[in-house]
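> Turn this into a structure:
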Amino acid sequence: MAGPILVFDSGVGGLSVVRALRRCLPEAGLAYACDNAMLPYGQREDAWLVQRIQAVCEAAVAASGCSALVVACNTASTLALEALRACLAIPVIGTVPAIKPAAQVSRTRHIGLLATSATVSRPYTLQLIQDFAADCRVTRVAADALVTEAERLVAGERPDRSTLRRSLSPLWDDPELDTVVLGCTHFPLLGPWLVDAAPRPVTWIDSGEAIARRVAQVVTTVTPRQGGEPSFVTAPDECLGRGLASFGFASPRLLHPA
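Numbering: from 1, shown residues only. Sure thing, here's the model as predicted:
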């Protein structure tokens, strides 16, 4: 079935995946949906979230006529992928922290995981570390404040440098740490500011390119890209609309999840 590729996130973090998809599949039409009315997901109860994510995604899939759904949110992916795949008749591609590629490139075997508090503590994340980085020391840092800074950036405001430095500071206790996983899709949007806030060079790894490659493998027929691609929100937000426009999306339509 032809249709755009729908990227879903709780907020604007999925726009980092949009950026990777633009590079990997430049001719493919995209759509974007965010549950901004319930941001942030990481502070909500799991069972409620599964129902909410399913309702929002079902509404966005129906409204967009998409050919595939990319769940560009670590929290939503770890909780709701099975439920989404059970209720949707299109491919559903999830997101996980890039622990495996980070372990592959680290020379010192000390990597950092920068993520939300929900992601750094989930059993799913600990299993990824055990499976793919068992020989590494992994410093897990909860950096929820960076989500807000990324949302501000997309809304047209400059990130607060002191907040960025404080969020990153636990990474620098060991000078041997050489690789940092950006374990939230919001964080790559802050890439240049994170590099500037770091006291020394490290390798930054995120999941965007891997997600885009997986989508290219799974999706064979899509609607060609056109100007003003569709976007959807669950609460009106003028600043968010301007941010979505800067990524090529039309003024967002309001979703009404069941």
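
> where are the low-confidence patches of the chain?
1 (pLDDT under 70).

> In the lengthiest helix in it, which residues are buried?
Ordering each helix of the chain by length in residues (DSSP state H) puts helix 46-64 first. Buried residues in helix 46-64, counted by 16 or more other C-beta atoms under 10 Å: 49-50, 52-61, 63-64. C-beta coordinates here come from the backbone N, C-alpha and C atoms, glycine included.

> And stretch 141-153, by the same measure?
141-144, 146-153.

> thought P40 was touching S10?
Yes: the pair P40 / S10 is scored as a contact, 6.4 Å apart, by C-beta atoms under 8 Å.

> More neighbours: these two, which one.
More crowded of P40 and S10, by other C-beta atoms under 10 Å: S10, with 29 against 19.

> Give the closest residue to that one in space, chain neighbours not counted.
Leaving aside its chain neighbours, S10 sits nearest to Y41 (4.3 Å; criterion: C-beta to C-beta, 6 or more residues apart in numbering).

> Please apply the same query to D178.
T108 (4.7 Å).

> just so I have it, where are all the helices in the stretch 151-258 of the chain?
In the stretch 151-258 of the chain, the helices defined using DSSP state H, counting those that start in this stretch lie at 161-168, 191-197, 208-218, 238-245.

> if we compare those, which one ends up closest to A89?
helix 208-218 (13.9 Å; C-beta to C-beta).

> tell me what that closest one is packed against?
helix 14-24, strand 68-71, strand 92-93 (3 or more C-beta pairs under 8 Å, 6 or more residues apart in numbering; DSSP states H and E).

> Check the ones you listed for me and report the most buried one.
strand 68-71 (a mean of 26; mean count of other C-beta atoms under 10 Å).

> Name the surrounding residues that touch that one.
5-9, 14, 17, 21, 53, 57, 61, 77, 80-81, 84, 88, 90-95, 211, 215, 218-219, 222 (C-beta atoms under 8 Å, 6 or more residues apart in numbering).

> Return the members of those residues classed as buried.
Judged by 16+ other C-beta under 10 Å, buried ones among these: 5-9, 14, 17, 21, 53, 57, 61, 77, 80-81, 84, 88, 90-95, 211, 215, 219, 222.

> still on that earlier bit, now render the helices of the stretch 151-258 of the chain as a markdown table, adding distance to L126.
Shown next, in a markdown table, are the helices of the stretch 151-258 of the chain (distance: least, C-beta to C-beta, whole Å):
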| stretch | distance to L126 |
| --- | --- |
| helix 161-168 | 21 |
| helix 191-197 | 24 |
| helix 208-218 | 20 |
| helix 238-245 | 33 |
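
> To Q127, which of the ones you listed lies closest?
Of the helices of the stretch 151-258 of the chain, nearest to Q127 by C-beta to C-beta is helix 208-218, at 17.8 Å.

> who's in contact with the residue nearest the centre of the chain?
Against the mean C-alpha coordinate of the chain, by C-alpha atoms, centre = their mean, the closest residue is T185 at 2.6 Å. Residues counted as contacts of T185 (C-beta under 8 Å, 6+ apart) are 9, 13-14, 16-17, 72-74, 95, 206-208.
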